[in-house]
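Peer 1: Fold the following, please.
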Amino acid sequence: MNRKLTLPATNEQKQLIHRLKRQHRLDEDTYRHLIRQYSGGRTSTSAELTKEEARQMISRLLDPDGSNAQGEKRKYRLVCRIYRLSCEISGLNAPYDVDDPVEREMNIAKLNQWLRQYGACKKPVSRQNYKELNATHRQLKARSNKERKQS
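Peer 2: The predicted structure follows:
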């Protein structure tokens, strides 16, 4: 059963939204209108945005004309492959349920912790650029292959 969990925006997302508001010199009315637009009219405050709504709003503020959308999609697909690989590695996420949204969030946190400690670039997935994500993918693929050969 695939349940849809609505997570609140993270503190980092809210901070970034406020920083982008200042950078773009958005007046209060325009800012509130944007939040209402991305929340489907549900709220006018960033504190009540969901994680996905905040992600969409940040993407729009960072790339208003959508010129980087293809690169972001490519990056997102690579992040998905990294996550799937992490679920095959016994020391990371293999024994956990990937269909449960709460477990998925915990799996992502465990992956990020592991990457900060053992990863090639010592950063969580969300802060890696495409080149670093490729290095992370290669590292996890090698580890997954090694585990398969040992079993």
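
Peer 1: Let me see the ranges of the helices in this structure.
Peer 2: According to DSSP state H, the chain carries its helices in the segments 11-23, 28-38, 51-62, 69-86, 101-118, 130-150.

Peer 1: Let me have those helices in JSON lines, extended by mean neighbour count.
Peer 2: Placement of C-beta: from N, CA and C, glycine included. Below are these laid out as JSON lines (neighbours: other C-beta atoms under 10 Å):
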{"stretch": "helix 11-23", "mean neighbour count": "14"}
{"stretch": "helix 28-38", "mean neighbour count": "15"}
{"stretch": "helix 51-62", "mean neighbour count": "17"}
{"stretch": "helix 69-86", "mean neighbour count": "14"}
{"stretch": "helix 101-118", "mean neighbour count": "15"}
{"stretch": "helix 130-150", "mean neighbour count": "14"}
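
Peer 1: In JSON lines: these, plus distance to L92.
Peer 2: What follows is these, written out as JSON lines (distance: least, C-beta to C-beta, whole Å):
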{"stretch": "helix 11-23", "distance to L92": "23"}
{"stretch": "helix 28-38", "distance to L92": "33"}
{"stretch": "helix 51-62", "distance to L92": "22"}
{"stretch": "helix 69-86", "distance to L92": "5"}
{"stretch": "helix 101-118", "distance to L92": "6"}
{"stretch": "helix 130-150", "distance to L92": "8"}
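
Peer 1: would you turn the ones you listed into JSON lines with mean pLDDT?
Peer 2: Below are the helices of the chain laid out as JSON lines (pLDDT from 0 to 100):
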{"stretch": "helix 11-23", "mean pLDDT": "92"}
{"stretch": "helix 28-38", "mean pLDDT": "95"}
{"stretch": "helix 51-62", "mean pLDDT": "90"}
{"stretch": "helix 69-86", "mean pLDDT": "88"}
{"stretch": "helix 101-118", "mean pLDDT": "87"}
{"stretch": "helix 130-150", "mean pLDDT": "92"}
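
Peer 1: Great, nothing more from me.
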